[in-house]
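J.: no sequence for this one, just the structure:
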């Protein structure tokens with residue numbers, strides 16, 4: 001799994017459960033299967049906390065939401081100081097290309113949330129969009145905003 005990412009190294013705690021490698025998710029406070037997507041998630045969350053300054057207490061992984069009649073799950077949601085969703089982050093495995101289909105998926109997840117920032121990462125490429133709902137515009141940002 002030790003795929004090199006375009007993210008700082010993260011001190012992950014892993015263990016074996018039979019054939020499966022598990023990784024401790026400090027946000028969910030439990031071990032989860034270490035899939036390629038989870039590898040990206042754990043490194044990206046570490047980056048948000050340690051580099052961008054977002055408090056871990058304002059970040060949630062695998063957040064359930066309702067999109068129409070369907071239940072969906074956001075990979076990561078970052079909340080502002082008033083506990084309102086500030087950004088959603090969608091992860092893909094490093095081998096998965098980020099295509100328009102991926103952007104469409106995240107936009108559907110964002111319908112009930114209407115967050116100002118949407119991030120998509122496969123660990124190698126990261127896209128951050130600022131959404132202006134009043135003017136119906138989306139701007140790609142060169143960097144992920146600071147959480148400080």
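T.: Right, received. Where do you want to start? What you see is a predicted model, and the numbers here were worked out from it, not measured in a lab.
J.: Under the pLDDT cut-off, which ranges of the chain? List them.
T.: Counting by pLDDT under 70, the chain shows low-confidence ranges at 1-2, 67-68.
J.: now the helices for it?
T.: 36-50, 100-110 (DSSP state H).
J.: Now residue 29: phi and psi?
T.: phi 60, psi 40 (degrees, to the nearest 10).
J.: okay, now it: neighbour count?
T.: Neighbour count of residue 29, defined by other Cβ atoms under 10 Å: 7. C-beta here means a position set from N, CA and C on the backbone, and glycine is covered the same way.
J.: quick one: which of the helices of the chain is nearest residue 88?
T.: Smallest distance to residue 88 across the helices of the chain (Cβ to Cβ): 6.0 Å, for helix 100-110.
J.: Buried residues, the closest one. List them.
T.: 102, 103, 106, 109, 110 (16 or more other Cβ atoms under 10 Å).
J.: Dump the residues you listed to JSON lines, plus distance to residue 50.
T.: Formatted as JSON lines, these follow (distance: Cβ to Cβ, whole Å):
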{"residue": "102", "distance to residue 50": "26"}
{"residue": "103", "distance to residue 50": "27"}
{"residue": "106", "distance to residue 50": "24"}
{"residue": "109", "distance to residue 50": "25"}
{"residue": "110", "distance to residue 50": "26"}
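J.: mind listing what residue 48 touches?
T.: By Cβ atoms under 8 Å, 6 or more residues apart in numbering, the contact set of residue 48 is 54, 59, 76, 78, 89, 144, 147.
J.: can you rerun that using 6 Å?
T.: residue 54 (Cβ atoms under 6 Å, 6 or more residues apart in numbering).
J.: Good, wrapping up.
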